[in-house]
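**Student:** Whatever this is, show me its structure:
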Amino acid sequence: MTSYQTILGLDTSTNVQAIGLLDGERMLDERSRRVPFNHSSSLLANVDETLSAHEREPADLDGIAVGIGPGSFTGTRISLALAKALARRLDIPLAAISTLAAVAYRSTRAHPDAVVVPALNAGRDEVYVGTYTARDGSFRRLEDDRLQSVSNVVDALERRRGDGASIVVLGSAVEAYDDFGDLHDDIVVLEPSFGSPSPLSVAHLGRRRLIDTDGDGDSIHETEPNYIRPSSAEENLKAGNLNVSGL
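**Tutor:** You can find the predicted model right below:
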């Protein structure tokens, strides 16, 4: 049985392009670049550069892990499309990873007794939020990733603190909304540098998923982005506001 030694991790669901290369438990490379425009113009070249820097070829990969959101509608599709294409061409498994899990994972390792709450800015005074922990010695999700108003997230954090939980909050929503600055001092709010999906986290979570599923991973054909919120076009179509004449 393969150990899924060499894993490529990708996430472009935020404005940070995350590329990681894993050799077993050892991270060979992790590159996080802020991309001001579209990830599609640089992602493939940066993947090639990362592999070449470690004298690796695409054929050396044992699996690919990719963040599937929630996040940017366009950005999420770009890395997922590349991951699917590589997995199909190389005949290797694909592991689909929650972007919120990839944000939380590194911090659960640094705060193993805490409930870690990744919160990404979704606009419209809303937040993509998850709830994760490593209290039992293994990383796990406590609640489904979801979309909530900023006020509801802040209220839920205060209630959880009132129940005696140790809480860590991080992500782009912390920078975007002042409400998070009013949280009780007992709640640890991490600085912005911890707020993006870590390439190391994507790759490690992907490798673990491949091992746990004996290499089955996730279907190349059926895996789709987890947007949580419908796109503006979908919302307009549902409301009957989208002009589709001539299509």
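
**Student:** Kindly state the beta-bridge partners for Cys118.
**Tutor:** You called it Cys, but residue 118 is Pro. Leu170 (DSSP bridges).

**Student:** three-state assignment of Arg33?
**Tutor:** Classification of Arg33 into helix, strand or coil gives strand, according to DSSP: H, G, I helix; E, B strand; the rest coil.

**Student:** mind listing what it touches?
**Tutor:** Val16, Gln17, Ser42, Asn46 (C-beta atoms under 8 Å, 6 or more residues apart in numbering). To be clear about C-beta, it is placed using only N, CA and C from the backbone, and glycine gets the same treatment.

**Student:** Check Val168 too.
**Tutor:** Here Val168 is in contact with Ser107, His111, Ala114, Val115, Val116, Val117, Ile187, Val188, Val189, Leu190 (C-beta under 8 Å, 6+ apart).

**Student:** The last one and Gly9, how far apart?
**Tutor:** Taking C-beta to C-beta, to the nearest Å as the measure, Leu190 and Gly9 are separated by 21 Å.

**Student:** the more surrounded of those two?
**Tutor:** Higher neighbour count among Leu190 and Gly9: Gly9, with 33 against 18, using other C-beta atoms under 10 Å.

**Student:** So which of the contacts of Val168 are in helices?
**Tutor:** Mapping the contacts of Val168 onto helices (DSSP state H) picks out Ser107.

**Student:** Pretty sure Thr131 sits in a strand.
**Tutor:** Yes - counting by three-state DSSP, Thr131 is part of a strand.

**Student:** Next, the contact list for Pro112, please.
**Tutor:** Ala134, Arg135, Gly137.

**Student:** go on, Thr131?
**Tutor:** Listed by C-beta under 8 Å, 6+ apart, the contact partners of Thr131 are Val115, Val116, Val117, Arg141, Leu142, Glu143.

**Student:** just checking, Leu120 is part of a strand?
**Tutor:** Yes - counting by three-state DSSP, one finds Leu120 located in a strand.

**Student:** How far off centre is the biggest helix by length in the chain?
**Tutor:** Of all segments of type helix in the chain, defined using DSSP H, the longest is helix 73-90. Centroid separation for helix 73-90 versus its chain: 14 Å, with C-alpha atoms, centre = their mean, to the nearest Å.

**Student:** what do you get for stretch 135-147?
**Tutor:** 13 Å.

**Student:** Please put the alpha-carbon coordinates of that stretch into CSV.
**Tutor:** Provided in CSV are the C-alpha atoms of stretch 135-147 (Å, rounded to 0.1, in the frame of the first residue of the first chain):
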residue,chain,number,x,y,z
ARG,A,135,-8.5,18.4,21.5
ASP,A,136,-8.7,14.6,21.1
GLY,A,137,-5.3,14.5,19.5
SER,A,138,-6.7,14.5,16.0
PHE,A,139,-7.9,17.4,13.8
ARG,A,140,-11.7,17.4,13.4
ARG,A,141,-14.6,19.5,12.4
LEU,A,142,-17.1,20.3,15.2
GLU,A,143,-19.8,22.1,13.0
ASP,A,144,-20.4,22.3,9.3
ASP,A,145,-18.8,25.2,7.4
ARG,A,146,-21.5,27.8,7.0
LEU,A,147,-22.4,31.4,6.1
